[in-house]
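Novice: I would like to see how this sequence folds:
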Amino acid sequence: MKRLIPLILLCIMAIPALGAIRVMSSVNKNTIALDEQVQFTIKVTSDSELKMDDPPAPRISGFSFRNMFTRSSQQISIINLRRQIELSKEYVYVYLPGTTGDFLIPAQSIRIAGNTYSTNPIKIKVVAAGAGSPAPSRSYSPFNPFSFDEPDFEPDYRSLDDVFLISIPATNTIYRGEPVVVSYYLYASSPIGSFQLRGEEDFPGYGKSIFYQPDKLDFERVTYNGRNYTRALIKRIALSPQSTGQIRVPRISGSARLYNYGYQSKAVQSADSRINVLPLPDNGRPTNFSGAVGRFSISESLSPKGINLGDAITYSLVIEGRGNFNQFAANPAVTQPNLKISSPQIVDNLTAGIDGRRTVIYTILPQAAGSYEIPDLSFNWFDSASGRYRVFQSKRFMVEVKPATVFSQFNDLISRDAPLSIGDYSGDKAFGNYPILIRSIIYWLPVCLILIAVIISAMWAREKSLKLKNPTRYAKIQAERQLARHFKEAQAAAQNLSMDFYSLAEKGLSGFIEERYGLSNRLSNAQKLQSLGEMQISEKVIRNLDAFLERCQKVKFMPGAADAASLNEDLVLLQNLVRLISDERSSGI
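Specialist: Numbers count the residues shown, from 1 in each chain. Purely as a prediction, here's the structure:
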C-alpha cells in the first residue's frame with residue numbers, strides 16, 4: 001500500500017498539467033457540395049504562452065489545399081477570487097473537393113513544448129453541386145492580411161497563384177509643369193500574407209513627392225484582363241514633369257508572401273509605364289504668365305466694405321484644385337494713393353504640394369477718409385483641362401472710409417444722434433436691495449477665470465519667447481513632450497492588448513527623432529538612424545532604435561507576428577529604449 005501512495009500523488013499532480021494544453025479539431029460542414037469549400041480547424045488552448053510552430057496543412061485524399069489563415073484570442077476570468085487566463089490559437093485550412101464521395105480527415109499529430117497531441121479523425125461527405133447543406137452565415141474578411149478571420153465569401157481559389165505590381169497614372173498625357181498622381185497596386189489571384197516594399201527606382205525628367213501612403217493592405221475584388229483578382233494600394237506618388245516628351249514613372253519592387261502548403265516569398269516589380277508630356281502652347285500666353293498649370297477654380301472676398309479710418313480691410317483670393325502650387329507665387333498688389341496695401345500672405349492647405357486650397361490675403365489700410373475703389377487684382381494660369389490660358393480678374397469693389405472718432409473705437413456702441421433725456425424722480429423704493437458683489441461667487445468666478453487666463457497666457461508667452469531666443473532648447477522640450485505623450489498612449493494600448501501599440505510606439509519614436517534632432521519626416525528610418533550616427537549619438541541607442549522600429553514594421557505588415565505575450569515583451573523593450581534615450585538627454589547629447 002505504501003508503494004501505491006507516491007504513484008497516486010504523482011497522478012494527481014499530473015492532472016493540471018494534462019489540462020493545461022488542449023488540442024481540438026473541427027470542420028465548418030460535414031456535408032458539402034462539389035462547388036463548395038470545407039474549412040478544417042485545429043484549435044489549441046492553454047493557460048500560458050503557446051510556443052509552437054504552425055502545423056503543416058494536412059493532406060486529405062480527394063481534396064486540394066488552397067489557403068490557410070490563423071486567429072488568436074485571450075479570455076480572462078475570475079474564479080474563487082483567482083484570476084485565470086485562457087489563450088487560444090486556431091489554424092484554419094481551406095480545401096476544395098475534387099470529386100463526390102465519403103472522405104476522412106485523418107488524425108493530426110501536433111508537437112507542443114516537447115509533447116505530442118493528437119486530434120480525432122473527421123468524416124466528410126461530398127455530394128453533387130447544389131445538393132449540400134446551407135453554409136452558416138459568416139462576417140469575416142480573408143483578404144485583409146491584418147485580420148485573422150475566416151472568409152465571408154467564396155473566393156476563386158482555383159485560379160493560378162499570380163502576383164504582380166502595376167503602376168497606374170491618373171492620365172497618360174499631361175502638360176509640362178502639370179502634376180500627375182501615379183498609383184501602385186499589388187494584384188493577386190489568391191490571398192496574400194504580407195507585402196514588403198524593397199526599393200524604388202527613379203528616372204530623369206520629373207520631381208516627385210509622396211501623395212498618399214497607406215498604413216496597411218486593404219484588398220478589394222477587381223477584374224483585370226478578364227480574370228478575377230484582389231488588389232491593394234501600395235502607395236501614391238505625385239510627379240511634377242520638368243521636361244517634355246516621354247518620361248518613365250518610378251518603378252517599385254518588393255516581396256509578396258504567399259501560402260501554399262507553407263509560406264513562400266515571391267519578388268515582384270512594377271511594369272514599365274510612361275507618360276507623354278506636352279509643351280505649353282505659345283498661342284495666348286499672357287505676358288506676365290504666373291507659371292501656374294493645372295485645374296483651378298478661383299473665388300474672392302472683401303470684408304468689410306465700410307470702415308472707420310484706422311481700421312483695415314481684408315481681400316482674400318482663394319485658389320482651389322490640383323496643380324503646381326509649389327511652382328508659382330502670388331502677384332504683388334497694385335499701389336494706389338491713400339491706400340497702403342501689404343505684401344500678400346499665403347495660407348496653404350495642400351496635399352503633397354499639388355492638391356487642395358491656397359488663400360492669398362491682402363491687408364488694405366486707408367490713409368484718409370473718403371470713397372475708394374480697390375485696385376484690380378488678377379491671376380492667370382494654364383488650364384490643362386481645356387488646353388487654354390485663363391485669366392481671373394477681380395470685381396470692382398468700392399469701400400467707404402469714415403473719419404475716425406472717439407466713439408468709433410467702441411464700434412459705434414454710443415450714437416451721437418440719439419437724444420439724451422432726464423426722467424422723473426422714481427423714489428428710493430424703486431431701487432432694490434442688491435448684495436455686495438465682492439462677497440458673491442458671481443464676482444470671484446470671473447476673477448478666477450481672468451487669473452487662469454493670465455497664467456495660461458504667461459506660459460504661452462514664455463514658450464513663444466523660448467522658441468525665438470533658443471530654438472534648439474524649444475525643439476528639445478517639444479520632442480520630449482511628444483515622446484512622453486506617445487509613450488503613454490502606446491503603454492495604454494499594450495495594456496489593452498491592442499496591436500495599435502506598434503503604430504503608436506513607432507510614431508512616437510520617429511516624431512521624437514525628427515523634432516529633437518531636426519530631421520525631415522520624409523527620410524526613411526534607415527536614413528534617420530544614419531543621420532543620428534553622424535551626430536555622434538551612442539551606438540547602443542541607435543542599435544536598439546533600429547531593432548525596435550524594425551519590429552514595429554514587421555508586425556504592421558505581417559499578421560500573426562505578435563500576440564499577447566510578445567506585446568508585453570515589446571512594451572518592456574520600449575520602456576528600456578525610452579530609458580536609454582532619457583540617459584542620452586541627461587548626458588547633454
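Novice: How is this structure partitioned into domains?
Specialist: Per automatic domain parsing, the domain ranges recorded for the chain read 16-127, 163-278, 293-402, 437-469, 471-586.
Novice: With distance to Thr287 as added columns, please give the ones you listed in TSV.
Specialist: (Each C-beta comes from the backbone N, C-alpha and C, glycine too.) Below are the domains of the chain laid out as TSV (distance: least, C-beta to C-beta, whole Å):
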stretch	distance to Thr287
domain 16-127	65
domain 163-278	18
domain 293-402	10
domain 437-469	42
domain 471-586	37
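Novice: Arg551 contacts Asp570, doesn't it?
Specialist: Yes. Checked against C-beta atoms under 8 Å, the pair Arg551 and Asp570 is within contact range at 6.5 Å.
Novice: contacting residues for Val399?
Specialist: Residues in contact with Val399 (C-beta atoms under 8 Å, 6 or more residues apart in numbering) are Leu302, Lys305, Gly306, Ile307, Ile313, Pro366, Ser371, Tyr372, Ile374.
Novice: Next, count neighbours for the second one.
Specialist: If I follow you right, that is Lys305. 11 (other C-beta atoms under 10 Å).
Novice: next one: the last one
Specialist: The burial count assigned to Ile374 is 22, neighbours taken as other C-beta under 10 Å.
Novice: Look up how far Ser183 lies from the closest residue to it other than its chain neighbours.
Specialist: Nearest residue to Ile374, sequence neighbours excluded (C-beta to C-beta, 6 or more residues apart in numbering): Phe397, at 4.1 Å. For Phe397, the distance to Ser183 equals 43 Å [C-beta to C-beta, to the nearest Å].
Novice: ok, now Ser189?
Specialist: 20 Å.
Novice: out of these two, which sits in the busier spot?
Specialist: More neighbours surround Ser189 than the other of Ser189 and Ser183, with 19 against 16 (other C-beta under 10 Å).
Novice: Just to check, the more buried one is in contact with Tyr229?
Specialist: Yes. With contacts counted by C-beta under 8 Å, Ser189 reaches Tyr229, the gap being 5.7 Å.
Novice: Report the set of residues contacting both of these two.
Specialist: Common neighbours of Ser189 and Tyr229, counting by C-beta under 8 Å, 6+ apart, are Asp162.
Novice: Can you check the distance spanned by stretch 164-179, start to finish?
Specialist: End-to-end distance of stretch 164-179 (C-alpha to C-alpha, to the nearest Å): 26 Å.
Novice: Show me what counts as buried in that stretch.
Specialist: Neighbour-count burial for stretch 164-179 flags Phe164, Leu165, Ser167, Pro169, Ala170, Ile174, Tyr175, Arg176, Gly177, Glu178, Pro179 (criterion: 16 or more other C-beta atoms under 10 Å).
Novice: quick check: mean pLDDT across that stretch?
Specialist: Stretch 164-179 carries an average pLDDT of 94.
Novice: Ok, stretch 317-326 next?
Specialist: For stretch 317-326, mean pLDDT rounds to 93.
Novice: residues in contact with that stretch?
Specialist: 177-179, 240, 291-301, 330, 348, 350, 353-360, 362, 377, 379, 381, 384, 394.
Novice: Run the chain-centre distance for that stretch.
Specialist: Remark: stretch 317-326 is offset 24 Å from the chain centroid, using C-alpha atoms, centre = their mean, to the nearest Å.
Novice: For Arg390, name its beta-bridge partners.
Specialist: Taking DSSP bridges, one finds Trp381 as the beta-bridge partners of Arg390.
Novice: Surely it touches Phe379?
Specialist: No. With contact defined as C-beta under 8 Å, Arg390 does not count as touching Phe379 (9.2 Å).
Novice: what's the overlap in contacts for Arg551 and Asp570?
Specialist: Tyr502.
Novice: ok so, going back, which one of the domains of the chain has the lowest average pLDDT?
Specialist: Comparing mean pLDDT across the domains of the chain, the weakest is domain 471-586, with a mean of 73.
Novice: can you give me how far it is from the chain middle?
Specialist: 17 Å.
Novice: go on, stretch 192-210?
Specialist: With C-alpha atoms, centre = their mean, you get 18 Å for stretch 192-210.
Novice: Kindly list the longest helix within the protein.
Specialist: helix 441-469 (DSSP state H).
Novice: Who are the packing partners of that one?
Specialist: helix 471-495 (3 or more C-beta pairs under 8 Å, 6 or more residues apart in numbering; DSSP states H and E).
Novice: buried set for stretch 246-261?
Specialist: Result for stretch 246-261 [16+ other C-beta under 10 Å]: buried residues Ile247, Arg248, Val249, Pro250, Arg251, Ile252, Gly254, Ala256, Arg257, Leu258, Tyr259.
Novice: I'd guessed the fourth one sits against Gly199; true?
Specialist: So the one you mean is Pro250. No. Shown here, Pro250 and Gly199 do not form a contact pair, counting by C-beta under 8 Å, at 10.0 Å.
Novice: Now name the helix or strand holding Ser72.
Specialist: Under DSSP states H and E, the secondary-structure element containing Ser72 is strand 63-79.
Novice: Give me the helices and strands touching that strand, please.
Specialist: Secondary-structure packing of strand 63-79 (3+ C-beta pairs under 8 Å, 6+ apart): strand 82-97.
Novice: Can you tell me the strand partners of the strand it packs on and which way each runs?
Specialist: Strand pairing for strand 82-97, using DSSP bridges, gives strand 38-46 (antiparallel), strand 63-79 (antiparallel).
Novice: immediately after whichever strand or helix holds Lys507, which helix or strand?
Specialist: If you go by DSSP H and E, Lys507 is part of helix 500-517. Note on helix 500-517: by DSSP H and E, the next helix or strand toward the C-terminus is helix 525-534.
Novice: helices or strands up against that following helix?
Specialist: helix 500-517, helix 539-557.
Novice: Flag every buried residue along the shortest one.
Specialist: By neighbour count with 16+ other C-beta under 10 Å, helix 500-517 contains the buried residues 501-516.
Novice: which of the residues you listed lies closest to Leu233?
Specialist: Ser503 (17.9 Å; C-beta to C-beta).
Novice: and the spatially most central residue of the chain, which of the three is it?
Specialist: For the chain, the residue nearest the mean C-alpha position is Asp215 (5.6 Å; C-alpha atoms, centre = their mean). Three-state assignment for Asp215 (DSSP: H, G, I helix; E, B strand; the rest coil): coil.
Novice: Good, wrapping up.
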